[in-house]
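> Have a look at this prediction, sequence included:
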Amino acid sequence: MVDEVVEIDPFVDDPRLPEFFGPAWTAVLGFHELLVDQGVLRGLVGPREVGRLWERHLLNSAAVVSFLPSTGQIVDLGSGAGLPGVVVAAMLPEAEVVLLEPMERRTIWLTEVIERLGLGNAVVRRARAQEALDLQADAVTTRAVASLDKLYGWAMPLVRPGGELVALKGDRAQDEVDSALKQARRNGVVTAEVHGVTTLDGVAPTRVVVARKAGGAGEGDRVR
Ligand SMILES: C[S@@+](CC[C@H](N)C(=O)[O-])C[C@H]1O[C@@H](n2cnc3c(N)ncnc32)[C@H](O)[C@@H]1O
């Protein structure tokens with residue numbers, strides 16, 4: 001009789017990881033350890049996710065980084081366990097990353113994580129997006145929070161003119177973009193592009209939606 005099956009993460013000792021994360025490696029590895037140690041216990045990740053933390057969560061989070069500015073303010077809307085925000089803060093040390101999360105229990109975790117990892121460029125803000133309208137970020141990231149039609153209304157008011165929403169999405173990303181055109185226009189989105197991103201060979205590709213807000217130099221004022 002087997003009580004518990006522990007899935008071994010196939011990427012846990014992958015020698016490509018330190019090179020992929022570069023100077024962020026120590027912090028990202030530390031974040032992985034904290035999630036393994038306390039993530040399930042504190043209700044932040046499901047038990048089955050522990051064996052998939054690298055592929056489904058940490059590398060997946062890293063997929064947004066190439067679409068983000070390296071300086072300025074980035075807001076991670078609905079940060080939860082810190083995905084993708086903590087990974088973004090580790091990989092973009094010159095940017096200020098606001099981990100925006102309404103649930104107190106999760107903000108306590110996020111505060112502990114940034115202290116333990118020494119991420120001086122990250123701050124935690126306890127609020128729903130609709131309550132954080134003073135923010136005017138260069139970019140807003142988000143993963144697993146809501147469908148794009150709802151996200152546009154929550155995220156775009158927090159994006160400065162010419163800034164962008166960078167959303168991790170699944171296989172239906174293009175469908176979401178297509179069915180949220182009205183909400184895109186209403187919220188000042190001028191372009192919405194779906195990018196397929198592969199972080200490491202052997203890791204399932206992910207989709208990133210980049211939606212740019214009107215107001216940048218040389219842009220029209222309607223979604224394409
Ligand atoms: C399913 S979790 C995803 C967490 C994390 N982004 C991830 O990918 O693991 C959704 C998170 O969004 C937060 N959330 C829900 N509605 C929100 C809102 N209106 N503004 C900001 N955060 C919100 C929830 O509290 C929760 O932590």
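The structure has been received and is ready for your questions.
> Give me the buried positions along stretch 23-30.
For stretch 23-30, burial by neighbour count (16 or more other Cβ atoms under 10 Å) applies to 24, 27-30. C-betas here are computed from N, CA, C, even on glycine.
> Dump those residues to CSV, plus pLDDT, distance to the ligand and secondary structure.
Shown next, in CSV, are the buried residues of stretch 23-30 (pLDDT from 0 to 100; distance: Cβ to the nearest ligand atom, whole Å; DSSP: H, G, I helix; E, B strand; the rest coil):
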residue, pLDDT, distance to the ligand, secondary structure
24, 98, 18, helix
27, 98, 17, helix
28, 98, 15, helix
29, 98, 18, helix
30, 98, 18, helix
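> Against which helices or strands is the strand or helix carrying residue 153 packed?
Element membership for residue 153 (DSSP states H and E) is helix 148-155. Applying 3 or more Cβ pairs under 8 Å, 6 or more residues apart in numbering; DSSP states H and E, we find helix 148-155 packed against strand 72-77, strand 137-143, strand 159-169, helix 173-179, helix 181-186, strand 206-213.
> So which of the ones you listed is nearest the ligand?
Evaluated over these, closeness to the ligand peaks at strand 137-143, with 3.7 Å, by Cβ to the nearest ligand atom.
> and the closest one with strand 159-169, angle?
Angle between the axes of strand 137-143 and strand 159-169 is 20 degrees (criterion: axes from the mean of the first three to the mean of the last three Cα atoms, to 10 degrees).
> List of residues touching strand 137-143?
By Cβ atoms under 8 Å, 6 or more residues apart in numbering, the residues outside strand 137-143 that reach it are 60-61, 64, 67-69, 72-78, 83-85, 88, 95, 98, 151, 155, 158-160, 163-168.
> restrict those residues to contacts with the ligand.
Among the contacts of strand 137-143, the residues that sit close to the ligand (Cβ under 6 Å from any ligand atom) are 77-78, 83.
> The closest residue to residue 11 other than its chain neighbours and residue 27: what is the separation?
Excluding the flanking residues, the one nearest residue 11 by Cβ to Cβ, 6 or more residues apart in numbering is residue 54, at 3.7 Å. Applying Cβ to Cβ, to the nearest Å, the value for residue 54 to residue 27 is 15 Å.
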